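mind looking at a prediction? Sequence and model below.
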Amino acid sequence: MENDWRPSASIETMKRRAQLLADARHFFAQKQVLEVETPILSQAAPTAPYLDSFKTDYIPIGTDQKQDFYLQTSPEFAMKLLLAAGSGSIYQVAKVFRNGESGKHHSPEFTMLEWYRVELTLEQLMDEVVELLTSVADFSDAIRLSYAVVFKKYLDLDVFDCTDADLKSLAFTHIPSLAADFELDRDGWLALVMSEVIEPKLAELNQPVFIYDFPASQAQLAKVKIDGQGNYVAARFELYAGGLELANGYDELLEAQALRQRFEQDNQQRQRLGKPDMPIDENLLAAMQAGLPQCTGVALGLDRVLMLILDQSNIKQVQNVTF
């Protein structure tokens, strides 16, 4: 059987991809945001239970001492070292890697545009995301809805007052393909209902949508605050368009000890799920202890943006891959 060696994207798609990258770099150059490059390999890795990193062995020549290295799932940790060192606002176009991800909208390797702004609030960062996408991809302005509002609007559920059993029942009602013995924790049920039930409804709006004020348990590396109804929420947002999640932004957590506690809690959750502990990034914690400046940050999936520009349904159609 002859190997199909041809790249998965057409030459015309590659040209449009090159233009997208050039336009993005021009956008940040005009704003005097510095482009940076950081290592793809690290001896630490994200502890988040929903992320699985690629691990590789490094064996220095002339030794038999194996060291574990991980391919980055995001350049976030390394970029925050630069922020703590006084870089000011920065951005990066980076290849990132996530083990196990596969499907029409997912790939184990993809391209991320990530940037951090020391001048902007989270609301101003949302404005800048729209400005960027309008500039490089002719996007329209985005609707802004809170996490609580979309659960109330589409499922008539008070997401901050419901029980775990309520969420499980809701998931089984709206996702009949679930196995009878399927189990998740609270955040797992929330994430499943968001992706399988709410996200398709957001696509029907035919306009980009920001979702903000996630439950505090989903803060990840964002600050936690109290919303207008007295609920503890994560100061973060996600952007959806055309049925795709495009971006994830934070008002960045600044306290090293609070982040260490989150990393440790993540590893405890990984143990409960039967996943290995991940090494904590002590360099990041030391940099935060020295002083991470007030900043907001966002990661944007460029492959998915290109899918929307070219009206493609599969991420491989916009990537130059052979796997």
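Received the coordinates, thanks. Numbering: from 1, shown residues only.

what helix or strand is the spatially most central residue of the chain on?
Closest residue to the average C-alpha location of the chain: Asn248 at 4.8 Å, with Cα atoms, centre = their mean. With elements delineated by DSSP states H and E, Asn248 resides in strand 244-251, which encompasses its position.

and if you look at Ala235?
strand 232-241.

next, the angle strand 244-251 makes with that strand.
Strand 232-241 and strand 244-251 meet at an angle of 150 degrees, taking axes from the mean of the first three to the mean of the last three Cα atoms, to 10 degrees as the criterion.

parallel or antiparallel, list what pairs with strand 232-241.
Note on strand 232-241: by DSSP bridges, its sheet partners are strand 209-215 (antiparallel), strand 224-226 (antiparallel), strand 244-251 (antiparallel).

adding mean pLDDT, write those strands out as a markdown table.
Output for the strands paired with strand 232-241, formatted as a markdown table (pLDDT from 0 to 100):
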| stretch | mean pLDDT |
| --- | --- |
| strand 209-215 | 97 |
| strand 224-226 | 96 |
| strand 244-251 | 97 |
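
closest one to Leu184 among those?
Of all these, the one in closest proximity to Leu184, counting by Cβ to Cβ, is strand 209-215 (14.4 Å). Glycine gets a C-beta too; all of them are placed from N, C-alpha and C.

give the contact list for Asp281.
Residues counted as contacts of Asp281 (Cβ atoms under 8 Å, 6 or more residues apart in numbering) are Ser42, Ala44, Ala45, Phe77, Phe263.

repeat the analysis, applying 7 Å as the threshold.
Remark: with contacts taken as Cβ atoms under 7 Å, 6 or more residues apart in numbering, Asp281 is in contact with Ala44, Phe77.

and if you look at Phe151?
Under the criterion of Cβ under 7 Å, 6+ apart, the contact list for Phe151 reads Leu157, Val159.

can you read off the pLDDT for it?
What the model reports for Phe151 is a pLDDT of 96.

all helices of the chain, in order?
Counting by DSSP state H, the segments of the chain that form helices are 11-30, 76-84, 122-137, 147-155, 164-174, 186-193, 199-203, 256-272, 282-291, 302-310.

buried residues, the third one. List them.
Judged by neighbour count using 16 or more other Cβ atoms under 10 Å, the buried positions of helix 122-137 are Leu122, Leu125, Met126, Glu128, Val129, Val130, Leu132, Leu133, Val136.

nearest residue to Val36 in space, please, no chain neighbours.
Setting aside the residues directly before and after it, Val36 is nearest to Ile90 in space (Cβ to Cβ, 6 or more residues apart in numbering), at 4.8 Å.

and the one you found, bridged to which residues?
Following DSSP bridges, Ile90 is listed with bridge partners Leu34, Tyr116.

that one: neighbour count?
For Ile90, the neighbour count with other Cβ atoms under 10 Å is 23.

report the contact partners of it.
Contacts were defined as Cβ under 7 Å, 6+ apart; by that measure Ile90 touches Val33, Leu34, Val36, Met79, Leu82, Leu83, Trp115, Tyr116.

could you measure it against Arg6, distance?
Distance check for Ile90 against Arg6: by Cβ to Cβ, to the nearest Å, it reads 36 Å.

got the contact list for Thr105?
That one is not Thr; residue 105 is His. Shown in contact with His105 (Cβ under 7 Å, 6+ apart): Leu244, Arg304, Ile315.

ok, it to Pro208 distance?
His105 sits 16 Å away from Pro208, going by Cβ to Cβ.

returning to that earlier point: wait, which of the helices of the chain is closest to Ala219?
It is, among the helices of the chain and with distance given as Cβ to Cβ, helix 256-272, at 7.5 Å.

now do that closest one, average pLDDT.
Per-residue pLDDT values across helix 256-272 average out to 96.

kindly report the same for stretch 162-176.
Within the predicted structure, the mean pLDDT of stretch 162-176 is 93.

ok, now stretch 120-138?
So the average pLDDT for stretch 120-138 ends up being 97.

hang on, the earlier thing: so what sits opposite the residue nearest to the centre of the chain in the bridge?
Assessed by DSSP bridges, Asn248 has beta-bridge partners Glu238, Ala299.
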